[in-house]
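K.L.:
Give me the fold of what follows.
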Amino acid sequence: MARQLKVTVLGGGMWGCVLAQHLANKRAKVTIWEFVPELAMSLQKTRRHKQIPGFRLDGSIKVTHSLSVAVENVDVLLFVLPSRALAATAKSIRRCGFPKNAVAVNASKGVEPHTLATMGDIISRELPSLRGRVWTLSGPSFAREVARGVPTGMMLGGPEGADAKALVRLFDGGALNVTHWPDRHGVELGGSLKNAIAIGAGILDGLGTGANTKAALLVQGLAEMASLIHARGGHYNTIYGLSGLGDLIATGTSPESRNRGFGEKLGKGLSPKRALAQIPTIVEGIEASASARELCRLYKVKAPLLEAIWRATRGAPAKGVLKALGF
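P.N.:
So this is what the prediction gives:
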């Protein structure tokens, strides 16, 4: 991977655009593929994302709605999609065809309903030629902060070796400090489960309980996340890294977090439907809480906090989160 790499960013949302610009700054040859034609056209023409003030895409970045054009001669497929759209996109890429020596990096967070597959597992399942060459980039990384150049630490979870080192070199630099970690499943589950716990943290904000109670929630949430990661075959230590504890602190405490914001609205008494209508982007923690509940049942893991958060997202009283904490 010594030559200039061709990277296709799959998804033109905030994080996709910010990562695309970051990689362009690193002198990669970047293409953004956006599913919605109107959004692709807008990005190509204006070079701006309406939800990131002052942000502008470099002129070298190509934007397209054509998936076959996007994956032609690609070196790195970077998935930055809503979790529910990842499988269908991967299937479409398989039909398009792409170079046999390409690798994939997943920057999406979530667990597939029913199958309980992580995002990296879905990529490997739908694109069998990439098995053993899938990594996940995760950590506390609000797009608007990275766009402003705020120093941000992230983990690249996946196999060790030359490709992993090359990918770390590709992403590391500028605002991002990227380190490798061999436990991809742990990194992925940490990135997904923290979204559910962040809803619980927001519920406490809505209830007005204060920092003491939120600290108790983050500690119990971390323990439940660790139990699930271990049950799923990941490493306990992964939870204490950037993709676990680090991401949980940021998502559970920052006003930038849409998951925390959704939970806050639930805590203030709004129904899930009304709360969701007031959040401009996807709240991944809703599906994450459902997947977490199924994972707990499958692996027989006791997680009363995750259960209470799931119930709250389905309309149960928000104070059930306090009861799950023992109050």
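K.L.:
Just the pLDDT for the most centrally placed residue in the chain.
P.N.:
Centre of the chain computed as the mean C-alpha position; nearest residue by CA atoms, centre = their mean is residue 109, 3.0 Å away. At residue 109, the predicted lDDT confidence score is 93.
K.L.:
That one: what secondary structure?
P.N.:
Reducing the assignment at residue 109 to three states with DSSP: H, G, I helix; E, B strand; the rest coil gives coil.
K.L.:
Can you list the buried residues in stretch 30-45?
P.N.:
Of the residues in stretch 30-45, those scored as buried under the neighbour-count criterion (16 or more other CB atoms under 10 Å) are 30, 31, 32, 33, 34, 35, 39, 40, 42, 43, 44. (C-beta placed from N, C-alpha, C; glycine too.)
K.L.:
tell me the mean pLDDT for it?
P.N.:
Confidence for stretch 30-45, expressed as mean pLDDT, is 96.
K.L.:
Numbering from 863 from now on, please.
P.N.:
From this message on, residue numbering opens at 863, which makes the last subject stretch 892-907.
K.L.:
What lies in contact with it?
P.N.:
Applying CB atoms under 8 Å, 6 or more residues apart in numbering, the contact partners of stretch 892-907 are 868-874, 878-879, 882, 885-886, 911, 919, 922-929, 931-933, 936, 947, 951.
K.L.:
which stretches of the stretch 1013-1162 of the chain aren't confidently modelled?
P.N.:
For the stretch 1013-1162 of the chain, not a single residue meets the criterion pLDDT under 70.
K.L.:
related to what we said a few turns ago, dump the buried residues of stretch 892-907 to TSV, plus secondary structure and distance to residue 1072.
P.N.:
Output for the buried residues of stretch 892-907, formatted as TSV (DSSP: H, G, I helix; E, B strand; the rest coil; distance: CB to CB, whole Å):
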residue	secondary structure	distance to residue 1072
892	strand	44
893	strand	47
894	strand	42
895	strand	45
896	coil	42
897	coil	42
901	helix	41
902	helix	45
904	helix	43
905	helix	42
906	helix	47
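K.L.:
of all those, which comes closest to residue 958?
P.N.:
Set against residue 958, the nearest of these by CB to CB is residue 895 (10.5 Å).
K.L.:
domain ranges for the protein?
P.N.:
Using automatic domain parsing, the domain ranges for the chain come out as 868-1028, 1048-1186.
K.L.:
tell me the most buried of the ones you listed?
P.N.:
Ranked by mean neighbour count, those are led by domain 1048-1186 with a mean of 21 (mean count of other CB atoms under 10 Å).
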